[in-house]
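>>> Whatever this is, show me its structure:
(chains A and B)
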Amino acid sequence: MTGQPILEVENLRIDLALGGKRFPAVQDVSFTIDRGETLGLVGESGCGKSITALSLIGLLRDPLMIGGGTIRFNGREIQNLSASEMRKLRGNRISMIFQEPMTALNPLSPVGRQIAEMFVLHKGASWNEAEKLAVEALASVRVPAPERRVKDYPHQLSGGMRQRVMIAIALACGPDLLLADEPTTALDVTVQAEILDLIRELSSAKGTAVLMISHDLGLIANMCRRVGVMYAGRLVEERNAEDVFRSPSHPYTRGLVASLPQLGARARHGRQRLKEIAGVVPPVSAFPEGCRFNPRCYASTERCRAEDPGVTALGDGSFVRCHHHE
Amino acid sequence: MLSFIVRRLLQTLPIILAVAALIFLMFSVIPGTFASSMSDDGRSVLDAEVMARMNKEFGLEDPVYVRFGKYIAQLATFDLGTSFRSRQPVADVIAERLWPTAQLALASMLFAIAVGVPLGFIAALRPGSWIDTFSMVGAVSGLSLPKFWLGLMLMYLFALVLGWLPSFGYGGGSLRYLILPSIALGVAPLALLARTTRAAVLEIMNADFVRTARSKGMSESKVVRWHLTRNALVIILTTIGLQFGTVIGQAVVIEKLFSWPGLGSLLVDSVTLRDIPVVQGSILVIVLLFLLINMLVDVLCAIIDPRIKYT
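Down below sits the predicted model:
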């Protein structure tokens, strides 16, 4: 059991139904997450990273649906589980933190009650017991005076505090896998670090594996040993975090790394334009032929426009999807 | 909370003043007085001397601003004046009519709430289903049907053809007499409530916190019970409060049609007779009712939604 990964995703496809047609919003996505491991997933907005996470927890809603592939959780295929079977996993074994702590909590319900729901749903606790457990859960995410805070409503808490509440909810049942979808994007920089530390600390204490989704490469580098880079619904590169930054293989990853602003760069090199990747992510209905990155790629050739590059293994579980990888 | 209520009650004072001023202005512009309305049958001609004496008796020969000042002074002592027609205190005349109107308004709103809110919920939870399509088409029709026509059709069907219910009258407050006018009056707010509820529920269904609730592994029925209902209730309650005003206003037509002895028919009769004190009093009471109900709604909303401050 110990050697088995907690999550194995193989050739996952997510379809978007638009006007009677189905477009693959996510395609050929395969990755595994070991127990207790943290995998990073980076990419621009609209590249499919959030819906990949939603598909893992069975929360895709019309017009999005899983179009193919397998998702094995703890060795068990879960992509076709019945709604009630999925509900037993969701929140309990796999949980999720969302981007917007402002709106992710019910404004009309005290936060203690929203945490307590987890114990009622999955642990068979009574509301009384659950409220007590909620105080402990709130204390575990280092909210001061938790026995008073449980009675607070979300609007009485700051963004960072609300995200702590979300973490308390997500980790309440000690899940095996936590999906963190841009958990700090909406927060101040100083609060970001606290929240990330909290996620790192609590997940390693409970042995929870984390899928950390972000468009922030710095954050990913900090949190994860391995990183997957997504572009237009595909994983274009998966490497060790260090390698990705030191020697990115895929032209897209190189663009991402190059576009990172550097503190003090202006003092050293004078005023310069920030580097960017020209163009925008194509809409799902208009993915280009061949390599999906070819219209924006500096290394694009005839072959890239005609032929979809397959996966090239780089050893040690790493791979890149490019005709010109180095 | 208490200071909130007191403040809201004080806020009604300028509104009442404005309403009273508006009515005075209206009656000084439209032709005819109580005295002239007595001779409006076209045959008898009232002696000019008698008319002058009546006008003097009712204080109608003073300029409008003097009469307005006197009226407001009177109002400040909670005196609504005396009816020209019956020579009874207006307060007594209105008190007599208040309960039937309250009965009618409450019954029609209860009907609207009991049918409209669940219908909106079902439609929203099964969007695109036949119930959704059917109820929303029904809601549009319900909003566009003229009330007097609907009333007549109900009378025709249930009183004349089927003979199940009395066609009109108060029947000493018997429930059987209440049914048809309440339905006729309640269909429009029902339709509006169904639509508002559906829109509110659909919007909340897409809210982030509902997604969070689902991510907790909650069944859809628990999502609805634990997270959706309270949020939808705030919007629904506000709609109910506003609809109460519409219902009381439209009761005028229905009361006339069903010979219902309420404020509405009193108002219509008094306008015809230019019985200004009664018109004044009735409208003020109606406005006050509307304000009170909406204050109640605001208090309820503030209890449900902790973000609402008592201001």
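
>>> hey, which helix is longest across chain B?
Longest helix of chain B, by residue count under DSSP state H: helix B:90-125.

>>> and whichever helix or strand comes after that helix, what does it pack onto?
Downstream of helix B:90-125, the first helix or strand assigned by DSSP states H and E is helix B:130-144. Here helix B:130-144 touches helix B:90-125, helix B:175-205, going by 3 or more C-beta pairs under 8 Å, 6 or more residues apart in numbering or on different chains; DSSP states H and E. (Each C-beta comes from the backbone N, C-alpha and C, glycine too.)

>>> Report the separation between B:Arg126 and B:Pro118.
Between B:Arg126 and B:Pro118 the computed distance is 12 Å (C-beta to C-beta, to the nearest Å).

>>> swap that for A:Thr301, sorry
According to C-beta to C-beta, A:Thr301 and B:Pro118 sit 63 Å apart.

>>> Show me where chain A has its helices.
When assigned using DSSP H, the helices of chain A occupy the ranges A:49-56, A:83-89, A:111-122, A:127-140, A:146-149, A:159-171, A:189-206, A:217-223, A:241-246, A:251-258, A:265-269, A:302-306.

>>> Make TSV out of those helices and add distance to A:Met65 and mean pLDDT.
TSV is the format used below for the helices of chain A (distance: least, C-beta to C-beta, whole Å; pLDDT from 0 to 100):
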stretch	distance to A:Met65	mean pLDDT
helix A:49-56	9	93
helix A:83-89	14	92
helix A:111-122	25	95
helix A:127-140	33	94
helix A:146-149	39	94
helix A:159-171	24	93
helix A:189-206	29	90
helix A:217-223	28	86
helix A:241-246	31	86
helix A:251-258	27	87
helix A:265-269	44	77
helix A:302-306	30	88
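
>>> Indicate which one of those is closest to B:Asn206.
B:Asn206 lies closest, by C-beta to C-beta, to one member of the helices of chain A: helix A:49-56, at 14.0 Å.

>>> wait, doesn't B:Thr246 sit right on B:Ala188?
Yes: shown here, B:Thr246 and B:Ala188 form a contact pair, counting by C-beta atoms under 8 Å, at 7.3 Å.

>>> Comparing these two, which residue is more hemmed in?
More neighbours surround B:Ala188 than the other of B:Thr246 and B:Ala188, with 23 against 14 (other C-beta atoms under 10 Å in any protein chain shown).

>>> Out of the helices and strands packed on helix B:130-144, flag the one nearest A:Ser140.
A:Ser140 lies closest, by C-beta to C-beta, to one member of the helices and strands packed on helix B:130-144: helix B:175-205, at 30.2 Å.

>>> Direction-wise, compare the closest one with helix B:90-125 and give the angle.
If you take axes from the mean of the first three to the mean of the last three C-alpha atoms, to 10 degrees, helix B:175-205 sits at 50 degrees to helix B:90-125.

>>> Looking at B:Arg126 and B:Pro118 now, which is surrounded by more residues?
Comparing B:Arg126 with B:Pro118 by other C-beta under 10 Å, the one with more neighbours is B:Pro118, at 14 against 11.

>>> Please determine how far the more buried one is located from B:Thr197.
For B:Pro118 relative to B:Thr197 (C-beta to C-beta), the value is 8 Å.

>>> try A:Ala104
From A:Ala104 to B:Thr197 the distance is 24 Å (C-beta to C-beta).

>>> Same question for A:His324.
Taking C-beta to C-beta, one finds A:His324 at 58 Å from B:Thr197.

>>> Neighbour count for the two, which is higher?
Counted by other C-beta under 10 Å, A:His324 and B:Thr197 do not tie: B:Thr197 has more neighbours, with 25 against 16.

>>> In terms of pLDDT, where does the residue lying closest to the more buried one once chain neighbours are set aside sit?
In this structure, B:Thr197 finds its nearest non-sequential neighbour in B:Gly120, 2.6 Å apart by C-beta to C-beta, 6 or more residues apart in numbering or on different chains. Listed pLDDT for B:Gly120 reads 91.

>>> ditto for B:Asp305
Confidence at B:Asp305, expressed as pLDDT, is 88.

>>> okay but it is in contact with B:Val234, surely?
Yes: counting by C-beta under 8 Å, B:Val234 is a contact partner of B:Asp305 at 5.2 Å.

>>> what about B:Glu96, how many neighbours?
B:Glu96: 14 surrounding residues under other C-beta under 10 Å.

>>> got the contact list for it?
Listed by C-beta atoms under 8 Å, 6 or more residues apart in numbering or on different chains, the contact set of B:Glu96 reads B:Pro261.

>>> sorry, back to before: buried residues of the longest helix of chain B, list them for me.
By neighbour count with 16 or more other C-beta atoms under 10 Å in any protein chain shown, helix B:90-125 contains the buried residues B:90-91, B:93-94, B:97-98, B:100-101, B:103-105, B:107-109, B:111-113, B:115-117, B:119-125.

>>> Reformat the helices of chain A as a markdown table; add mean neighbour count and distance to chain B.
Shown next, in a markdown table, are the helices of chain A (neighbours: other C-beta atoms under 10 Å in any protein chain shown; distance: least, C-beta to the nearest C-beta, whole Å):
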| stretch | mean neighbour count | distance to chain B |
| --- | --- | --- |
| helix A:49-56 | 23 | 9 |
| helix A:83-89 | 15 | 4 |
| helix A:111-122 | 24 | 6 |
| helix A:127-140 | 19 | 11 |
| helix A:146-149 | 16 | 14 |
| helix A:159-171 | 24 | 7 |
| helix A:189-206 | 16 | 16 |
| helix A:217-223 | 19 | 21 |
| helix A:241-246 | 17 | 27 |
| helix A:251-258 | 21 | 27 |
| helix A:265-269 | 9 | 37 |
| helix A:302-306 | 14 | 38 |
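
>>> mind giving me a markdown table with those helices and columns for distance to A:Val320?
Shown next, in a markdown table, are the helices of chain A (distance: least, C-beta to C-beta, whole Å):
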| stretch | distance to A:Val320 |
| --- | --- |
| helix A:49-56 | 18 |
| helix A:83-89 | 32 |
| helix A:111-122 | 40 |
| helix A:127-140 | 40 |
| helix A:146-149 | 46 |
| helix A:159-171 | 32 |
| helix A:189-206 | 27 |
| helix A:217-223 | 17 |
| helix A:241-246 | 10 |
| helix A:251-258 | 8 |
| helix A:265-269 | 28 |
| helix A:302-306 | 14 |
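
>>> Need the nearest residue in space to B:Gln74, chain neighbours excluded.
Distances taken as C-beta to C-beta, 6+ apart place B:Gly81 nearest to B:Gln74, at 6.0 Å, with adjacent residues excluded.

>>> who touches that neighbour in this structure?
Counted by C-beta under 8 Å, 6+ apart, B:Gly81 has contacts B:71, B:74, B:89-90, B:277, B:280-281.
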